[in-house]
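# mind looking at a prediction? Sequence and model below.
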Amino acid sequence: MKISSVKAIAAEGGWYVDDKPAFIAAAKVDHYLVTGRPVTPGFVRIREPGEVVSILIRLSNGTTVVGEGGSVTYAGIAGRDPVFRAEAAVATVEQHIAPAFTGGPAEDFRSLDQKLQQLSGECGGFHSGLLYATSQALLQAVAAAAGHTAAGVIAAEYGLSIGEANPRIGIQTGDDRYSGVDKAIYRRVDVLPHGLIKDVATDFGPGGEKLLAYAQWIMDRLVQHQVPVDYHPTIHFDCYGTIGRAFENDIAAMSDYLGRLAAVVSPLRLQIEAPVEAASQAEQIRLMAQLRSALQGLPAPVPVIIADEWCNSLPDIELFAKSGAADLLQIKMPDLGRIGASIEAVLTCHEHGVGAYLGGSCNETDISARTAVHVAVATGAEQILARPGMGIDEAASIVRNELVRLRAML
């Protein structure tokens, strides 16, 4: 089957893009209204509604498939591509991508994905969000042409066996940390709350006392919800480097604190994403490796450390996986761009005995969220982020429903 046409249109992301350095420096926040001057190149305002590009591929039998992508929320920092602009992406598709793929066969996803990578190099590099959208559409085109699921195509082309275990589904509450926990518990979400612990003074506490209190509140809330005895969610906090800032990157002090936090949520598993945020990748890896090593001396259960910042590309994933800096790596699919890169990232994690967290962004769409489920199931990723948005209900239902549909088809 042939690709009859490739079309791009500007569309909306599921959340916002935020200028993170400006937030930290001097932003004024009033509910969702954020005022102040942006500091990261590419931002017009500190907070902007996210933009995505929608790639529509029409096959010779009349079937149309779609892929969508844009920036992660915190674009333009820590090695990531700048904030995504949909109009520029549409122009790139019309000028370079559509002519390269129109009329070609809709078969062998890996070859199409590599062709996209080569084309990007020849054109000076496409934005990762555009690669993400286009690669999704190519995967769905191959699946539609072959009459298979996207997961089935991935498994067949990469020589994988699809197992019966489902990835754990995690949510992110955003700043609505309390109502978000209630929603997650009602829905029996696997991993909660994320929590957006981004400020030492307001979210973490000078000595971490605010996070300890919040963790205790979550444990109490589980009791108040009268959850069944077989519901054992993982407690996951994304700390945005607040632990390192509060304790001035003192490894012993951070390790001691995380031991106390793990005791609060015991017997549930504790996951800590981005406990420190360094100014360079090398320093990030060094600090996280030292912290992870120190944590091994704690009484069980030992907190799980997740890498996020500076872990963006496929070479980054391999570097972190080999370094011993984390137990679980967040594979931020929009940052990796091509779906093939995310597949290879999961396989790289497993090759080095590290867990794979198939992450993404609240600024994605339902289209990319559903594709991510197929990648997670085909590769055996341990965890996946529910997206888009911060509403929890919507993201959890989109990802879970695609998961049960996929299992039924498989």
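Happy to help now that I have it. Residues are numbered from 1 along each chain as shown.

# pLDDT weak spots in this structure?
Regions of the chain meeting the criterion pLDDT under 70 are absent.

# next helix or strand past the top helix by length along the chain?
Determined from DSSP state H, the single longest helix within the chain is helix 128-146. Next along the chain after helix 128-146, taking DSSP states H and E as the criterion, comes helix 150-158.

# how distant is the following helix or strand past that following helix from the center of its chain?
Note on helix 150-158: by DSSP H and E, the next helix or strand toward the C-terminus is strand 168-170. Centroid separation for strand 168-170 versus its chain: 11 Å, with Cα atoms, centre = their mean, to the nearest Å.

# next structured bit after strand 168-170?
Next along the chain after strand 168-170, taking DSSP H and E as the criterion, comes helix 177-186.

# before we move on, the earlier item: what's the angle from the longest helix of the chain to helix 150-158?
Helix 128-146 runs at 90 degrees relative to helix 150-158, counting by axes from the mean of the first three to the mean of the last three Cα atoms, to 10 degrees.

# what is helix 128-146 packed up against?
strand 47-59, strand 64-70, helix 86-92, helix 109-122, helix 150-158, helix 333-336, helix 339-351, helix 366-379 (3 or more Cβ pairs under 8 Å, 6 or more residues apart in numbering; DSSP states H and E). Where C-beta positions appear, they are placed from N, C-alpha and C, glycine not excepted.

# list the buried residues in the third one.
Right, helix 86-92. Judged by neighbour count using 16 or more other Cβ atoms under 10 Å, the buried positions of helix 86-92 are Ala86, Ala89, Val90, Thr92.

# the third one - nearest residue in space that isn't next to it in sequence?
Beyond its immediate neighbours in the sequence, the residue positioned closest to Val90 (Cβ to Cβ, 6 or more residues apart in numbering) is Ala8, lying 4.5 Å away.

# the second one too?
Nearest residue to Ala89 in three dimensions, chain neighbours excluded: Val53, at 4.0 Å (Cβ to Cβ, 6+ apart).

# I'd say the one you found and Gly70 touch.
Yes: Val53 lies in contact with Gly70 (Cβ atoms under 8 Å); the separation is 6.7 Å.

# intersection of neighbour lists for these two?
Phe84, Ala86, Gly129, Ala133 (Cβ atoms under 8 Å, 6 or more residues apart in numbering).

# and the residue nearest to Val90, how far from Arg85?
13 Å (Cβ to Cβ, to the nearest Å).

# what's the answer for Glu402, then?
28 Å.

# same question for Leu130.
From Leu130 to Arg85 the distance is 10 Å (Cβ to Cβ).

# which one's more surrounded, those two?
Using other Cβ atoms under 10 Å as the criterion, Leu130 and Arg85 rank with Leu130 on top: 30 against 18.

# that one contacts Thr92, correct?
Yes: in this structure, Leu130 is within contact of Thr92 by Cβ under 8 Å, at 6.2 Å.

# what about the residue nearest to Ala89, neighbour count?
Val53 is flanked by 27 other residues according to other Cβ under 10 Å.

# and it, what are its bridge partners?
Ala10, Gly69 (DSSP bridges).

# same check on the one 5 residues further on?
Listed by DSSP bridges, the beta-bridge partners for Arg58 are Ser5, Thr64.

# residues contacting it?
Ile3, Ser4, Ser5, Val6, Lys7, Thr64.

# ok, so of these, who is nearest Ala141?
Comparing the contacts of Arg58 against Ala141 with Cβ to Cβ places Ile3 closest, at 6.4 Å.

# just say helix, strand or coil for that closest one.
strand (DSSP: H, G, I helix; E, B strand; the rest coil).

# returning to that earlier point: count of neighbours near the residue nearest to Val90?
When counting by other Cβ under 10 Å, one arrives at 23 neighbours for Ala8.

# could I get the contacting residues of it?
Val53, Ser54, Ile55, Leu56, Ala89, Val90, Val93, Glu94, Ile97, Ala98.

# buried members of those into PyMOL, please.
This is the PyMOL syntax for the buried subset of these, where burial follows 16+ other Cβ under 10 Å:
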select buried, resi 53+54+55+56+89+90+93+97+98
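
# what does stretch 87-101 contact?
3, 5-10, 53, 55, 57, 112, 115-116, 119, 123, 126-127, 129-130, 133-134, 138.

# what's the first-to-last distance across it?
Start to finish, the residues bounding stretch 87-101 are 20 Å apart (Cα to Cα, to the nearest Å).

# for Pro193, see how far away Ile218 is.
Remark: distance between Ile218 and Pro193 (Cβ to Cβ) = 7 Å.

# so for the two, which sits in the more crowded spot?
Legend: neighbour count by other Cβ under 10 Å for Ile218 and Pro193, higher for Pro193 (31 against 22).

# related to what we said a few turns ago, can you give me the angle the helix or strand containing the residue nearest to Val90 makes with helix 366-379?
Using DSSP H and E, Ala8 sits in strand 3-18. Calculated by the same axes, to 10 degrees, strand 3-18 forms an angle of 100 degrees with helix 366-379.

# buried residues, strand 3-18. List them.
Applying a neighbour-count criterion of 16+ other Cβ under 10 Å, one finds 3-4, 6-8, 11-18 buried in strand 3-18.

# just to revisit the earlier point, from the buried residues of helix 86-92, pick the one nearest Phe237.
Ala86 (32.8 Å).

# what's the local residue count around Gly353?
9.

# any idea how far it is from Gly297?
20 Å.

# try Val65
51 Å.

# those two: who's more crowded?
Of the pair Val65 and Gly297, Val65 is the one with more neighbours under other Cβ under 10 Å, namely 23 against 9.

# surely that one meets Ile57?
Yes: contact criterion Cβ under 8 Å: Val65 and Ile57 qualify, at 5.3 Å.

# hey, what's in contact with both of these two?
Between them, Val65 and Ile57 share the contacting residues Ala137, Gln140, Ala141, judged by Cβ under 8 Å, 6+ apart.

# contact partners for the last one?
Just to be clear, that refers to Ala141. Contact analysis of Ala141 by Cβ under 8 Å, 6+ apart lists Ile3, Ile57, Leu59, Val65, Ala106, Leu112.

# is it true that the fifth one touches Val6?
No: proximity of Ala106 to Val6 does not meet the contact threshold set by Cβ under 8 Å, at 11.0 Å.

# what sits in contact with each of these two?
Ile57.
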